[in-house]
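> sequence unknown, structure follows:
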């Protein structure tokens, strides 16, 4: 009897230890999340903010135990240098060495497109939070690649809606484009021109300028454009280059002479050029925090972000923060950190983000999110100008119809 | 296209050319005297821009901060240049050209990373004083008022260098060293010390040019990659070691770029490389260079 009791006791203890051991082992398994952004090179300015957003999101999630309350998120951050070959190398390394399950990448669409097949090959989730070329999700789609930022088509259509309205009011006829000479600049410009043709067929494109990525001297472009006296100019100049372009154009009084609507002026530029940005300019952006301060999630995010970094979050911080939370909700829906299950769970899923309740499109994993236009104006609540009369162009109003996506895919096969 | 627009475009080309001249002058001087093709020149130029940002940032509350930070950037870069010469460059004068290239290129990479570690990855913006934020009009053509300062600085550097080479004893020694360093050495003039100071002067010019560039746009990592290639085009066109050649080469590149943009925007950069290649084939020593060197 005694012997049996003792045996039973030991069996119980061992069983307990066994299960306890398993559960602790399970709880200890972290979720390795890779980040490969252009921390140096042309994308440095935006990417640094993206990393800050991601770090904050991960901190918040880990303070509640991690994904599903038990998988601590471990961050592995790499510099893609805004170069496709480096991006591919770094992401491969993240996959093989750091065993990441998902990667947030990139600033540059060219890098994101180079990383897409790698992520698919190794079955790793790939979330684009800054780069937004439409081709990332439209052509050669990967079930592992998701995009949480309004893509180039959506942005261009949103801008065209705003520009068409103004062209009608003001009787504009001729325009010029200036865009950075690489994937994003080219695709954004092409979509914008096409939309304007569709919405306002009377407008003619007089000339196209393609300053290379990394251009620091825009003077010749500025005076050249001014000499041609267009009714308005459409610009898609990237990140650091955009700051140089705007600063130099301003000293020529460019914006007082020539309307420059629908250009990308994100919260980064609003803050960096707070003193000098021409007020009254009509601009476009991707995720301005001030458009959603009524959403508690955004209000909390802005509060925590300010507490941590002592500044307001840029679009890139918002988008990258949203990328982590979209992933978190995907894991919760899948009830597992298994990448295959999470990938399937996220397909067509509605996520609750700082920008509201948004849905991933089934056809291409593009988040059906809004673009924002507005007039740049000072606001006593902020130390920098924000958008006034914000026009939120919803994903449903600006995204490319499914039929066209299928056609484009057929054409590239 | 009316005459005012053409004149405006000419002014744009002139400013672009001046910026290139400021970068290329030091490059050409160092090559002319010491036969060193300094790939790290643009990295020091960029460092000058960052130095200028730092000085401006430190003295921000004073009205002279903006103006003083530009020459200070030149001196700070010159200090780095002096250090590099004494520690590294001194040892490679007698080496093969390809070894010198590898070493100066390595220095460029090291400096780029040093810049990244020191100043971080976010780009820096120098806010200009109120009086140079608006354009001025010259015969109806707008010109960024800061560019008047740029063009004047370029002219001052050109005249200063010319005066130095033509009328000062040190200038004469430097010019003599271009032709025959052995002869100069035989006359009892300490060549190594001359080299150190010429290199330092060249890097001062790079840093000064960086300081001049800084308020034009934002200061970004990687800016040096683009400008070094264009500076090489300038010295190839003008002729290595020739001050006049560098000046003419810069203006050619600036104006060609500026006017091509009006008529054929896509080809602006291409045309400059075509000219450079053509000069290399027809006249490898450049427009104002000398074919023979000892």
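Yep, it's here. The structure displayed is predicted, hence computed values, not measured ones.

> secondary structure element for the residue of the stretch 101-250 of chain B found nearest chain A?
In the stretch 101-250 of chain B, the residue that lies nearest chain A is residue B:217 (3.0 Å; C-beta to the nearest C-beta). In short, each C-beta sits where N, CA and C put it, glycine included. Using DSSP states H and E, residue B:217 maps to neither a helix nor a strand.

> Quick check, pLDDT for residue A:288.
Looking at residue A:288, its pLDDT reads 97.

> how deep is it tucked in, by neighbour count?
By other C-beta atoms under 10 Å in any protein chain shown, the residues close to residue A:288 number 24.

> you'd agree it is up against residue A:387?
Yes - counting by C-beta atoms under 8 Å, residue A:288 sits close enough to residue A:387 to count as a contact (6.1 Å).

> any residues in contact with both of those two?
The contact sets of residue A:288 and residue A:387 overlap at residue A:372 (C-beta atoms under 8 Å, 6 or more residues apart in numbering or on different chains).

> Name the nearest residue to residue A:382, ignoring sequence neighbours.
Of all residues not flanking residue A:382 in the chain, residue A:312 sits nearest, at 6.9 Å (C-beta to C-beta, 6 or more residues apart in numbering or on different chains).

> if I've got this straight, the one you found is in a helix?
No - using DSSP: H, G, I helix; E, B strand; the rest coil, the assignment for residue A:312 is coil, not a helix.

> Who are the contact partners of it?
Residue A:312 makes contact with A:267, A:271, A:289, A:302, A:305-306, A:382, A:384 under the criterion C-beta under 8 Å, 6+ apart.

> what do you get for residue B:199?
By C-beta under 8 Å, 6+ apart, the residues touching residue B:199 are B:30, B:34, B:36, B:81-82, B:84-85, B:89.

> try 6 Å
B:30, B:85 (C-beta atoms under 6 Å, 6 or more residues apart in numbering or on different chains).

> Secondary structure element holding it?
Assessed by DSSP H and E, residue B:199 sits inside helix B:191-213.

> Chain B versus residue A:380, what's the distance?
To chain B, residue A:380 is 22 Å away according to C-beta to the nearest C-beta, to the nearest Å.

> for the chain, which spans come out with low pLDDT?
Just going to use chain A. Along chain A, segments meeting pLDDT under 70 span A:1-28.

> The chain in question should be chain B.
If you take pLDDT under 70 as the line, chain B has these spans: B:1, B:291-294.

> the strands in it, which residues?
Using DSSP state E, the strands of chain B run over B:135-138, B:141-144.

> Mean neighbour count added to those strands, as JSON lines?
Below are the strands of chain B laid out as JSON lines (neighbours: other C-beta atoms under 10 Å in any protein chain shown):
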{"stretch": "strand B:135-138", "mean neighbour count": "14"}
{"stretch": "strand B:141-144", "mean neighbour count": "23"}
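
> Mind putting those into TSV with distance to residue A:74?
Below are the strands of chain B laid out as TSV (distance: least, C-beta to C-beta, whole Å):
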stretch	distance to residue A:74
strand B:135-138	53
strand B:141-144	49
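
> and residue A:178, that one's in a strand?
Yes - under the criterion used here (three-state DSSP), residue A:178 sits inside a strand.

> quick one: residue A:34 is in a strand?
Yes - counting by three-state DSSP, residue A:34 is located in a strand.

> Quick check: residues of the stretch 101-250 of chain A near chain B?
A:209, A:214, A:216-217, A:219-220, A:223-224, A:227, A:240, A:243-244, A:247-248 (C-beta under 6 Å from any C-beta of the partner chain).

> Go again with 7 Å.
By the rule C-beta under 7 Å from any C-beta of the partner chain, the part of the stretch 101-250 of chain A lying against chain B is A:207-210, A:212, A:214, A:216-217, A:219-221, A:223-224, A:227, A:240, A:243-244, A:247-248.

> Can you mark which positions in the helix holding residue B:199 are buried?
In terms of neighbour count (16 or more other C-beta atoms under 10 Å in any protein chain shown), helix B:191-213 has its buried residues at B:191, B:194-196, B:198-213.
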